[in-house]
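Peer 1: what would the 3D arrangement of this be:
(one chain, ligands or ions: 1)
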Amino acid sequence: VSVYDVTGPPAASAGAPDLRALGGRDEVDGELTRMDLNTGSSEASGLRERLAEELGDLALEQYGDERALPLRRTLAALSGRAADEIFVANGSMAVLEAILASYGGRGRRALAFVPSYAGLQRLCHAMDTELALVARGPRFEIEPGAAQHALAEKRPRLVFFCHPNNPTGRPEDAAVVSLACRLTPQALVVVDEAYVEFCEERSMQELADRPENLVVVRSLSKAWGLAGARVGYALAGAPIVATLFAGQLPGAVSAVTQAVARAALREDPVEQARRISGVRAERTRLARILRAIPGVQVWPSSANFLLFRSPGPVGQLLESCARERVLVRDVGDQPGLEGCLRATIATVEASDRLGRAVAAVAGGEQV
Ligand SMILES: Cc1ncc(COP(=O)(O)O)c(C=O)c1O
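Peer 2: The predicted structure is shown next:
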């Protein structure tokens, strides 16, 4: 099973001039709009021009910077950390893998709160690391007492949070992350912030007194629209970053990947803010459309997707979506998410079609 949180091969991108309300591409697979993938719906603005510059200057007969220092300097400037506090790898999945390779493994236990990112469970399995799962509360919150109990009982070497969480969209509670850092000084506390750019709440990077055992993991696959380039990074204390690099082959992140990432990260911050606020606005609009349909439960989301519960049998809903040419992700196999689906923000038009598809199952009027 692929550890990536995708259902199939990457969607082909097709020009769809009438579907560009968000300023991005419509991810379509044949006739279907892919709202089941949780990648970004648009790439960094002006990326193509900057790519031509960055790649045009690249000396491909040479190895690139073996520890991606220029890229880490760019990330340092954007994140307010030093370059030696930044680890980079081929996607945040590879960052998590490196963390498990150095700090996990046989005989060491990790702990995560579910429902959450299913890829982590597959990755722990692949990296031979036992994973203790602790159930979240009814609104997918982590109850501090339950966290405290689980941390004391399981004595994990790794504790995973996801801020905001996939697939629930809920931000983590900074007090609970702090508590985990304090109660388990022997553990690395890893906060997966793959979707943090869409989130109104602060990054856990900004926790008071930045705990030494905290690692924040980020991705360029979502808000930067760069899933195909495979770039992820971790923000952590320099000793942790040095440990992660010690386990990574020099040159693991190719010169081409580094150049593509630098090109994306040079996006005008005003343009990036405009793209992100477009996604947030459409998230609010889609939530309103779905909430207006009888029998549909929609959870508040701080990510670029929405979690909702189908008003009828999920099979019927997926068929109805197919008729409206949208694909959503069935996440009902996770405990606590029975009958639930996740829809990633794509375009205004795709949201409208999803609304019609869900309304048809609810037996109501089409919205
Ligand atoms: C929470 C979370 N973390 C990590 C990843 C992996 O992302 P990537 O390896 O593309 O950076 C995903 C992808 O879906 C995700 O949802």
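Peer 1: residues of stretch 351-367 that come out buried?
Peer 2: 351-362, 367 (16 or more other CB atoms under 10 Å). (Each C-beta comes from the backbone N, C-alpha and C, glycine too.)
Peer 1: next step: those restricted to helices.
Peer 2: Under the assignment DSSP state H, the buried residues of stretch 351-367 contribute Ser351, Asp352, Arg353, Leu354, Gly355, Arg356, Ala357, Val358, Ala359, Ala360, Val361, Ala362 to helices.
Peer 1: do you know how far the third one is from the ligand?
Peer 2: Which is Arg353. Look at Arg353 and the ligand: by CB to the nearest ligand atom, to the nearest Å, they are 23 Å apart.
Peer 1: now do that residue against Ala343, distance only.
Peer 2: Going from Arg353 to Ala343 by CB to CB, to the nearest Å gives 11 Å.
Peer 1: quick one: the helices in the stretch 101-250 of the chain?
Peer 2: Taking DSSP state H, counting those that start in this stretch, the helices of the stretch 101-250 of the chain run over residues 118-126, 144-154, 174-183, 238-246.
Peer 1: ok, and what's touching the third one?
Peer 2: Residues external to helix 174-183 that are found in contact with it (CB atoms under 8 Å, 6 or more residues apart in numbering): 142, 144, 147-148, 151-152, 159, 161, 163, 187, 189, 191, 201-202, 204, 207-208, 211, 213-214.
Peer 1: which of these are buried? Put it as a ChimeraX command.
Peer 2: This is how ChimeraX selects the buried members of these, with burial counted by 16+ other CB under 10 Å:
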select :142,147,151,159,161,163,187,189,191,204,207,211,213,214
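Peer 1: in strands only, show me the contacts of helix 174-183.
Peer 2: Val159, Phe161, Val189, Val191, Leu214 (DSSP state E).
Peer 1: dump those to TSV, plus pLDDT and distance to Gln316.
Peer 2: What follows is the ones in strands among the contacts of helix 174-183, written out as TSV (pLDDT from 0 to 100; distance: CB to CB, whole Å):
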residue	pLDDT	distance to Gln316
Val159	98	39
Phe161	98	35
Val189	98	42
Val191	98	37
Leu214	98	44
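Peer 1: any idea which of those is the one closest to Gly107?
Peer 2: Gly107 has its nearest neighbour among the ones in strands among the contacts of helix 174-183 in Val159, at 16.9 Å by CB to CB.
Peer 1: got the contact list for that closest one?
Peer 2: With CB under 8 Å, 6+ apart, Val159 has these contacts: Ala110, Leu111, Ala112, Leu151, Ala180, Thr184, Ala187, Leu188, Val189, Val190.
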